[in-house]
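# Structure of the sequence below:
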Amino acid sequence: MAEERDSHPGANLRITVVYATQYAVDQVALSLPSGATVRTAVERSGVLQTHPELGASALELGIYGMRVGLDRLLCDQDRIEIYRPLTVDPKEGRRRKAAKRRLSPGMRPARCARP
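Coordinates of the predicted model:
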């Protein structure tokens, strides 16, 4: 059964745009007209002006964890997430963490730790 995107034509959509930095979370609530797109919400949120490090052309976006494009139509109560680029490759991060543990004197592996 197909999900109805907007049961009230002309009704305003309640949308939230979220961007998380390493130290803070910016969350902007918007009311947009029916038929609005992700692009419209991101532009009207002001997040791109607040965080100029985000390149408007290379944005990675999602709605509740599912990747979406700028032209996707919005539904009421959608939460648009702006993803920041990874600063370290996850595999490399795990390698560095493991190497740091090996070099730390007096550390025991978690499975052998006793009070």
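
# Which pLDDT does the model give Ala20?
Note for Ala20: predicted pLDDT of 89.

# and it, what are its phi and psi?
When read as degrees, to the nearest 10, the backbone of Ala20 gives phi -110, psi 130.

# Let me see the contact set for it.
When contacts are counted by C-beta atoms under 8 Å, 6 or more residues apart in numbering, Ala20 touches 26, 84. Yep, even glycine has a C-beta here, placed from its N, CA and C like the rest.

# One more: the one 3 residues further on?
Remark: with contacts taken as C-beta under 8 Å, 6+ apart, Tyr23 is in contact with nothing.

# Over to the one 5 residues further on?
By C-beta under 8 Å, 6+ apart, the contact list for Val28 reads 16-18, 45-47.

# Wait, a strand at it?
Yes. Under DSSP: H, G, I helix; E, B strand; the rest coil, Val28 sits within a strand.

# Pairing-wise in the sheet, spell out the partners of it.
Val17 (DSSP bridges).

# any idea how far Thr37 is from it?
Distance, Val28 to Thr37, using C-beta to C-beta, to the nearest Å: 16 Å.

# State the pLDDT value of Ser57.
63.

# cool, the one 5 residues further on as well?
Note for Gly62: predicted pLDDT of 95.

# Use 31 as the first number for this chain going forward.
Yep, numbering from 31; the last one is Gly92 now.

# you'd agree it is up against Glu111?
Yes. Counting by C-beta atoms under 8 Å, Glu111 is a contact partner of Gly92 at 4.6 Å.

# In terms of neighbours, single out the busier of these two.
Glu111 (19 against 15; other C-beta atoms under 10 Å).

# Show me what the more buried one bridges to in the sheet.
Val48, Gly92.

# so who does it touch?
Glu111 touches 48-49, 91-95, counting by C-beta under 8 Å, 6+ apart.

# Give me the neighbour count for the nearest residue to Thr67 once chain neighbours are set aside.
Nearest in space to Thr67, with sequence neighbours left out and distances taken as C-beta to C-beta, 6 or more residues apart in numbering, is Asp101 at 5.5 Å. When counting by other C-beta under 10 Å, one arrives at 9 neighbours for Asp101.
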